[in-house]
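Peer 1: pasting the sequence and the predicted model now:
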Amino acid sequence: MNARTELPPNINVVGPKLPKVARAKGSYVWDVDGKQYIDGSGGPAVYCIGHSNEEVNAAITNQLQQIAHGYRYNFTSDALEELTEIVADRCGGTLKHMVFVTGGSEAVESCLKLALQYHAARGEMSRRRFIARERSWHGNTLGALSVSGFLERRMAFEGSLLEVSRISAVNEYRPPAGATAETVGEVCAAELEREILKVGADRVAAFIFEPVVGAAGGCVPAPEGYARRVREICDRHGVLMIADEVMCGVGRTGTWRALEKDGVFPDIMSVAKGLAAGYLPLGAAIYSDKVNDTIARAYGGPMTGHTFTGHTACCAAGVAVQKIIQRDKLVERVRAYEPKLKKMIADATQGIEAVGDIRGRGYFIGTELVRDRETKKPFDGSLKLYMHIRQQALENGLICYPVGGNVDGINGDVVILSPPYNASDAELEEIVGKMAMSIRQVLAAQGLG
């Protein structure tokens, strides 16, 4: 391995020797020293159409020449209205109401507030409790952090977080006690219902979950039938269903809504990363007619706006990105290429005994590393293998997204690939090859290969 291996204490702290970025084009990024990197994860699953797209840049420039930001509580705008129509069309059903914000954490925070406001509008002020899952990540603001099951990212803030009920992670590769890969969906859905009854249905506002778990679990898709059972349970007890699709939505998993594959509509959902593809900060809390009509009757509208809600230039970026995705049929491409990408990863990592599982949907694929394939025992968290892989990948000219603690919050290592939807076959081969090479190098350097 290269000598430059000094690591920060965890993935959420900026590294001591990060390269300085200079420019980017398509799937590639260059630093100020001229070193080239292929962006195999779209940063943190953001840059879904690659970098420096001239159409998107032109749309942003044109908007800036007219007005950068018309304050949402004074004005609407063409960009805001057009993006609202696009998102409503992509979501389907009655998910046609939305609050645009400037990122995923704000989007989730707004989803939580919408749920609380909905129950308040119904006169059910007792419904204040949220139920969430272990090994989940919903954001860095205090409410979003409260519902997250990501120990490393929560520890410093314990004592100031909301009281949240937390149930088992839903993972076919690592089912909870009493479940198998075949029964994990039903077992975990039943656990949700038991928790609702334990807390008292009249005290529960909403259940929030990621249809495909991102950073906290490493691309873990919902088992077949799980989301439908959750929908039934929530409806039976008057609990709202919140789908956090900040990371897995907007086409990342092969459908515009991740839950589309599961045949389910949530009451409220969050999106962000792929919405404007990183060209400008943008997210949204999207909600159904049921939620909208109830809130509108009591309050006139949602009480979760911010200074930059519906930021005009950001919405213009979102419109341009979404038009490209639709025109070039990029969601369909992601769906069609999923088997090919998984096979590429399996072929490239063949012979690496530490590869325990390759999973995910679309262009959101995680490769989990284990000390023992038979027992699925993870490597000790103190080794920080995922951090070493991240660093080694950068040395090899690859940007990927390794995460740790996926097993129990401390132990476990997964490498996430989430390439641009329009990456070429050759680029996908380069991404996968450099990831496999980086894993091999780190395992060998640590005496684990």
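Peer 2: That came in fine, so what should we check first? Keep in mind that what you see is a predicted model, and the values were worked out from it rather than measured. Residues are numbered from 1 along each chain as shown.

Peer 1: how's this structure carved up into domains?
Peer 2: 21-52+329-445, 55-327 (automatic domain parsing).

Peer 1: just give me how far the longest one sits from the chain centre.
Peer 2: Here domain 55-327 shows a centroid-to-chain-centroid distance of 10 Å under the convention Cα atoms, centre = their mean, to the nearest Å.

Peer 1: could you dump the domains of the chain to CSV with mean neighbour count and mean pLDDT?
Peer 2: (Glycine included, C-beta is placed from N, CA and C.) Putting the domains of the chain into CSV (neighbours: other Cβ atoms under 10 Å; pLDDT from 0 to 100) gives the following:
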stretch, mean neighbour count, mean pLDDT
domain 21-52+329-445, 20, 97
domain 55-327, 21, 97
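
Peer 1: would you map the helices across this protein?
Peer 2: All helices of the chain, identified by DSSP state H, fall at 42-45, 54-66, 78-91, 104-121, 142-146, 151-154, 184-199, 226-237, 289-299, 312-327, 330-348, 385-395, 425-445.

Peer 1: now do stretch 120-128: distance from first to last residue.
Peer 2: 9 Å (Cα to Cα, to the nearest Å).

Peer 1: do the same with stretch 96-104
Peer 2: Note: stretch 96-104 ends 19 Å apart using Cα to Cα.

Peer 1: ok, stretch 93-110 next?
Peer 2: With Cα to Cα applied, stretch 93-110 spans 20 Å between its terminal residues.

Peer 1: before we move on, the earlier item: which one of the helices of the chain lies nearest to residue 130?
Peer 2: Smallest distance to residue 130 across the helices of the chain (Cβ to Cβ): 6.7 Å, for helix 104-121.

Peer 1: quick one: work out the angle between the closest one and helix 289-299.
Peer 2: 60 degrees (axes from the mean of the first three to the mean of the last three Cα atoms, to 10 degrees).

Peer 1: ok so, going back, can I get the helices of the chain in TSV with distance to residue 216?
Peer 2: As requested, the helices of the chain are exported to TSV (distance: least, Cβ to Cβ, whole Å):
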stretch	distance to residue 216
helix 42-45	13
helix 54-66	30
helix 78-91	24
helix 104-121	13
helix 142-146	12
helix 151-154	8
helix 184-199	15
helix 226-237	17
helix 289-299	26
helix 312-327	26
helix 330-348	21
helix 385-395	13
helix 425-445	20
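
Peer 1: so which of those is nearest residue 162?
Peer 2: helix 142-146 (3.7 Å).

Peer 1: against residue 118, how distant is residue 289?
Peer 2: According to Cβ to Cβ, to the nearest Å, residue 289 stands 12 Å off from residue 118.

Peer 1: over to residue 60?
Peer 2: Applying Cβ to Cβ to residue 60 and residue 118 gives a distance of 34 Å.

Peer 1: residue 418 too?
Peer 2: According to Cβ to Cβ, residue 418 and residue 118 sit 32 Å apart.

Peer 1: residue 184 too?
Peer 2: Distance from residue 184 to residue 118, counting by Cβ to Cβ: 30 Å.

Peer 1: and if you look at residue 433?
Peer 2: In terms of Cβ to Cβ, residue 433 sits 49 Å off from residue 118.

Peer 1: show residues contacting stretch 434-449.
Peer 2: Residues outside stretch 434-449 that contact it (Cβ atoms under 8 Å, 6 or more residues apart in numbering): 1, 38, 40, 345, 348-349, 352, 354-355, 367, 369, 371, 379, 383, 385, 388-389, 392-393, 395-398, 400, 415, 417.

Peer 1: hey, C-alpha coordinates of it in PDB?
Peer 2: Written as PDB, here are the backbone C-alpha positions of stretch 434-449 (Å, rounded to 0.1, in the frame of the first residue of the first chain):
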ATOM      1  CA  LYS A 434     -10.200  -0.800  -9.200                       C
ATOM      2  CA  MET A 435     -12.500  -1.600  -6.400                       C
ATOM      3  CA  ALA A 436     -11.500  -5.300  -6.400                       C
ATOM      4  CA  MET A 437      -7.800  -4.300  -6.700                       C
ATOM      5  CA  SER A 438      -8.200  -2.000  -3.700                       C
ATOM      6  CA  ILE A 439      -9.900  -4.600  -1.600                       C
ATOM      7  CA  ARG A 440      -7.100  -7.200  -2.400                       C
ATOM      8  CA  GLN A 441      -4.400  -4.700  -1.600                       C
ATOM      9  CA  VAL A 442      -5.800  -3.700   1.800                       C
ATOM     10  CA  LEU A 443      -6.500  -7.300   2.800                       C
ATOM     11  CA  ALA A 444      -2.900  -8.300   1.900                       C
ATOM     12  CA  ALA A 445      -1.400  -5.300   3.700                       C
ATOM     13  CA  GLN A 446      -3.400  -6.200   6.800                       C
ATOM     14  CA  GLY A 447      -2.300  -9.800   6.600                       C
ATOM     15  CA  LEU A 448      -5.900 -10.900   5.900                       C
ATOM     16  CA  GLY A 449      -5.700 -11.800   2.300                       C
END
